[in-house]
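Chemist: Predicted model follows, preceded by the sequence.
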Amino acid sequence: MSRTSPSDGLRFAFGTLTALPVTVTRWDRGAARSGMLCAPLAGIVIGLCAAALGGALMALGAGPLPAAVATAAVPATLTRGLHLDGLADTADGLGSAKPADQALRIMKQSDVGPFGVITLLLTLLAQVAVLAQLYEASWSRGALAAVVSAAAARLALTLAARKGVPPARPEGLGAAVAGTVSQGAALLVAVLVVAVAAIAAAPLGTYETVQYAAAVVLAIGAAELLLRHCVRRFGGITGDVFGALAETAATTALVVLALG
């Protein structure tokens, strides 16, 4: 097997985690490993797109609420709603209280149950509420929150793809990426994302520097709790679980940024 190039990893990350017009050139364990290590970069690009739209609306005279709605809509659009769909499916699977095989079948169904609807509604409300609060404070705070939360969301996927986390099914995205990333590499990427968040927030002040770094740490902590629960309930991870982890991390990061 030929050696995986950096472009293979970037194509895998952007081709599987975004709706951007990127062609995945390789679909193997090597490309999956590189791709999951690059996942936070995909998040940063999505966050920048979200911040650009929100900022443009603010510049055109729109209030914080329309800007917040647009900012929250961009990640959903650039992922074709797959992460939100995964969040809803995972909520339905967990809420069913069924054995693992039955819960996994529920998650594969095309309809969305009451647990999924409620979870989606509350998640999107929380995201829009926080972004509106931050945009009201200043455009820069709302924009930076959009980028950091999107990066934290994809960092959660990098950590979920680490060795020792099994797939729940023998097929699908979960099986393709499960266990591809070494724990050391996952930790290194996490440290880098936390550091970048802190550096980006430094111009806002010392408190914000700590707050943005803490937002990433707490975001991946919340995602880790959900990951462990899903592994216990389903026997491993699936593509739906990946979506749920991303939305959980993004929402947690935003809520932390709303504090203080």
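Modeler: Nice, I can see it.
Chemist: Mind listing what's buried along stretch 113-121?
Modeler: Under the neighbour-count criterion of 16 or more other Cβ atoms under 10 Å, stretch 113-121 has Gly113, Phe115, Gly116, Thr119, Leu120 buried. Every residue, glycine included, has its C-beta placed from N, CA and C.
Chemist: Now intersect the residues you listed with the helices, please.
Modeler: Using DSSP state H, Phe115, Gly116, Thr119, Leu120 are the members of these that sit in helices.
Chemist: Mind putting those residues into JSON lines with distance to Arg141?
Modeler: Putting those into JSON lines (distance: Cβ to Cβ, whole Å) gives the following:
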{"residue": "Phe115", "distance to Arg141": "33"}
{"residue": "Gly116", "distance to Arg141": "31"}
{"residue": "Thr119", "distance to Arg141": "27"}
{"residue": "Leu120", "distance to Arg141": "26"}
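Chemist: Out of these, which is nearest to Tyr135?
Modeler: Closest to Tyr135 out of those is Leu120 (22.2 Å), distances taken as Cβ to Cβ.
Chemist: Which pLDDT value goes with that closest one?
Modeler: pLDDT for Leu120: 95.
Chemist: and if you look at Glu171?
Modeler: 80.
Chemist: Equivalent analysis for Ala250, please.
Modeler: The model reports Ala250 with a pLDDT of 98.
Chemist: Which element, helix or strand, includes Gly164?
Modeler: Per DSSP states H and E, Gly164 falls between elements, in no helix or strand.
Chemist: can you count the residues close to it?
Modeler: By the criterion of other Cβ atoms under 10 Å, Gly164 has 9 neighbours.
Chemist: Many thanks, I have nothing further to ask.
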